[in-house]
Every structure is written in structure tokens, then in C-alpha cells.
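# here is a sequence with its predicted model. Questions after.
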Amino acid sequence: MFVNAPSDGSVKGTVALPSSKSISNRVLIIKALCEKDFVIENLSEAEDTKTLIRALKLVGISPDIDAGHTGTAMRFLVSYLATRPGTFYLTGSERMKERPIAALVNALQQLGADITYQGKTGYPPLKIKGKKLRGGKISVQAGTSSQFISSLLLIAPELDEGLEITLEGTAVSTSYIKMTLGLLAKFGIETRWERNVIAVSPGKYQPANISIEPDWSGASYFYELLLLSEKGELFFPGLQNKSLQGDEIVWQWFEHLGVKTSFSAKGALAEKTGHLPEFVSFGFGENPDLAQTLAMAFAGSGIQAIFRGLETLHLKETDRIKALQGELDKLGYSLAPREEGIWQLRKTAWPLIPGLITFYTYNDHRMAMACAPLAIKLGQVAIIDPEVVSKSFPGYWDNLMQLGFKLVYGIKEPE
């Protein structure tokens, strides 16, 4: 698909953000565990959430459950199914079968879960014989995925002894753990997090109607668009700065980059103010989903940077480090390791040379959405496999068209 930007290089309008799939998927597990029904308003329409909904509907009907490409569905379902009566066969896409899950399985086995690998040890697919789990104290390697921790926390109230998790090593994406604990509290569960120990008291989820927040991760691509534009002003209905989402930090980060945000009861208004630094340093340990947004924004703006906290990027939908390196090279930039845990984003052949650039998306929604805003700088870009955005932001391309972009379909992945 070709993405053609407005000729004057500016943007102004309203962006209809999707609701947070991270919150939606956690609330769906809570609802499945709650003994009384409650209303979920503004539930995410992302493919990730639809995948989890389909899987939960199959529990008790079919033993075969497929999580597809969805990491949250796979991780959350492992713990959920381990507590449900019956035998389940949980699988996923070919890429999902390459994503490690041993840390979560080991933790559940410490609690008495009956889980066996059906293929390569440490990876899906899994055979799960669900039963009542006792709970108690466990230790978990916290450096692979925060979703492992969240998966355990979501079932913790169901356990006779509750759950006390000792986090071993440096925890990653801790903002998502905080999101999970915030939701547990909303539904009546007592929690405590002191140093490297998280404790959840046994109890019953209490029903509470909830409206899902707009997605801050989705907003980040439009902040990138503002940064790359000649001038711009975008309004995000319903977006607030008191959020369960750690990616809310995006508005603070972009204030240092020349995009100012003001909040009201109706939402958030972001405006380009013009300040553009030459060099910055960012840590993505708590917000890894913002790394692609910032890398592409900087490459389009001539900013060089130090990035920290990218350790989990190679375990995502694709190896995001390799994907970024491949696409940044087209922009005259490199992303190279500098020392342990530190990467340098630097110019190699900048400024940008006018001409069509074709970006590959690697079956990764965030690659597509991070690359497309560069059209405002280049005039036009081509995106391979644009439909991949349905994983988290089905209306992404519609929003760009509302802002004056023109989309021409037809370019396909080479065979």
C-alpha cells in the first residue's frame, strides 16, 4: 500500500483512538473468573482481543484452544486454563511456537499445575490438565516478559493461599504489572508490592462495571506524526493523563521533543511547538512498545539517541531489533549495540534522500504504524502488509485518511 501525505506537510484534526487492548484483555480474564457478571464498555476491537474472546468461549466446549499470534492470549490462557476443570491443548501461530514460555510454566508447576510441552521443551504448544491450585510462595524469572507475572496475578485471588511472587533478576515492562495490580484493586482484591515481592490475598473478584480507556500506545504514532510534520495539532477524544497505562509517558517524552499536550475533560490536545533536540537518551525498560515509534521519529527528524531497555524486543511478534535495523538503514540510520543493554541510534547517511521508500512490517503491527508517519517527511512511502495493524489498531489507516493522507492499495510482499 502507498501512503501519500498532505502536500503542505502539516496535520490537523481529530484522532479516534482504539480502546486499550492491554486493559481489555486483563478485564476479560477477570470477568471469566468473576462469579457475577458486569458490564465492559468500550471493549477493544483489536484482533488480539477478538482472539482472546474466541478462546474463552471455547473453554468447556472444545479442548483445542488457539491463541494465534496473540502473546497476551497465550500467556493469560496458560494460567487461566490451569485453574479450569478439564484437559486443554493450547497452541498458537508458528511465530508463537518460537516464543519462550518456560518461566511461566515453571511458576505454575510450582503451584501444582499439570502442564506438559507438546513440542519443543520451553515453548508452545502445551497440554494443560486444569485443577484447583493451592497458591503460596513462588519465585519467577522477571526478565523475559511482564505478561508472565500478570498472568499469574490474574489467577492469584482464585488460589487457596493467595500468591506471593518473588521477582528474580530485573523485572521488565513493570508498568504493565502495575496496570494488572490496579485492575485487581478495582475488582476488590488486596495486593502489595514491596521491593521484589508481590503479594495477592485470596478472595473473590467483585463485579464492577468498567469503561476501557483509549490506547496510549496507539496515540504514540500520531505524536510521531506531529514531530515529523511542518506544523500540526491533533485532538484525542477521551485520552487522559491519569491512566492505568504506562505508555501514558509518551506525552511527557514528546514535550521534550517539541510537542505540547493539554488535557481537558473531553480529551487531549497535542500541538507541535517547534523545539527539536539534536541528541536524546531514553530508557524503554518499562515501555518497550514505544521503542519503534521513537526510533522512526528520530530517524525522520535527524535526532541521534541512546536507547536503553531493549532486551525483550527480540522476543516480540518479530525480532524487533532486527526489524528496526533493516528499516532504519533505508533512512540513513543505524541501531547498534554500544555496551550491555545500551544501543546507539545514529546517522549514517542523513538527511533523507527524496524518493519512495518501501517499508517491510515483519508481521508486526507496530512496525507498520511506526513507519507510515514518515510519509509526512518523504511525501510518500510504501507499506508491505498494511492489514497487520488490525492486531491492535484496526482504524489506524482510516485515521490517516481523515487527516488528509491518501492511500493506494496494490503493493504486495514479494514471493
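In hand now; what should we look at? These numbers come from a predicted model, not from an experiment.
# list the contacts of the residue nearest to Pro373 when sequence neighbours are not counted.
Sequence neighbours aside, Leu225 is the residue nearest to Pro373 in space, at 4.1 Å (criterion: CB to CB, 6 or more residues apart in numbering). To be clear about C-beta, it is placed using only N, CA and C from the backbone, and glycine gets the same treatment. Contact analysis of Leu225 by CB atoms under 8 Å, 6 or more residues apart in numbering lists 11, 232, 234, 373, 376, 403.
# now with 10 Å, please.
Applying CB atoms under 10 Å, 6 or more residues apart in numbering, one finds that Leu225 lies in contact with 5, 11, 15, 232, 234, 259, 270, 272, 297, 300, 372-377, 399-400, 403, 405.
# now it: which helix or strand?
Using DSSP states H and E, Leu225 sits in helix 216-228.
# same question, Phe298
Secondary structure assigned from DSSP H and E places Phe298 in helix 291-301.
# and the helix or strand just after that helix with helix 291-301, angle?
Downstream of helix 291-301, the next assigned helix or strand under DSSP H and E is strand 304-308. With axes from the mean of the first three to the mean of the last three CA atoms, to 10 degrees as the basis, strand 304-308 and helix 291-301 are set at 170 degrees to each other.
# direction included, what does strand 304-308 pair against?
Strand 304-308 sits in its sheet next to strand 279-283 (parallel), strand 342-347 (antiparallel), going by DSSP bridges.
# if you compare these, which one is most tucked away?
Stretch with highest mean neighbour count among the strands paired with strand 304-308: strand 342-347 (a mean of 18; mean count of other CB atoms under 10 Å).
# could you export that strand as PDB, CA atoms only?
Taking C-alpha atoms only, strand 342-347 is exported to PDB below (Å, rounded to 0.1, in the frame of the first residue of the first chain):
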ATOM      1  CA  ILE A 342      22.700   0.100  25.600                       C
ATOM      2  CA  TRP A 343      22.000   0.800  21.900                       C
ATOM      3  CA  GLN A 344      23.100   3.800  19.800                       C
ATOM      4  CA  LEU A 345      20.800   5.300  17.200                       C
ATOM      5  CA  ARG A 346      23.000   7.400  14.900                       C
ATOM      6  CA  LYS A 347      23.100   8.900  11.400                       C
END
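# hmm, who's touching that strand?
279-284, 291, 294-295, 298-299, 302-310, 313, 321, 324-325, 328, 331-338.
# where along this protein do the helices fall?
Assigned by DSSP state H, the chain shows helices spanning 21-33, 47-58, 71-82, 102-110, 146-155, 174-186, 216-228, 250-255, 291-301, 320-329, 365-371, 375-378, 396-402.
# now for the second one, which elements pack on it?
Identification of packing neighbours for helix 47-58 by 3 or more CB pairs under 10 Å, 6 or more residues apart in numbering; DSSP states H and E yields helix 21-33, strand 64-66, helix 71-82, strand 86-91.
# possible to save the helices of the chain as CSV with distance to Trp350 and mean pLDDT?
As requested, the helices of the chain are exported to CSV (distance: least, CB to CB, whole Å; pLDDT from 0 to 100):
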stretch, distance to Trp350, mean pLDDT
helix 21-33, 34, 97
helix 47-58, 35, 96
helix 71-82, 34, 96
helix 102-110, 40, 94
helix 146-155, 34, 95
helix 174-186, 32, 95
helix 216-228, 14, 98
helix 250-255, 21, 97
helix 291-301, 8, 96
helix 320-329, 11, 93
helix 365-371, 17, 96
helix 375-378, 11, 95
helix 396-402, 25, 98
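# thinking again about what came up before, I'd like the strands paired with strand 304-308 as CSV, with mean pLDDT and distance to Leu33 appended.
Converted to CSV, these look like this (pLDDT from 0 to 100; distance: least, CB to CB, whole Å):
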stretch, mean pLDDT, distance to Leu33
strand 279-283, 95, 34
strand 342-347, 95, 39
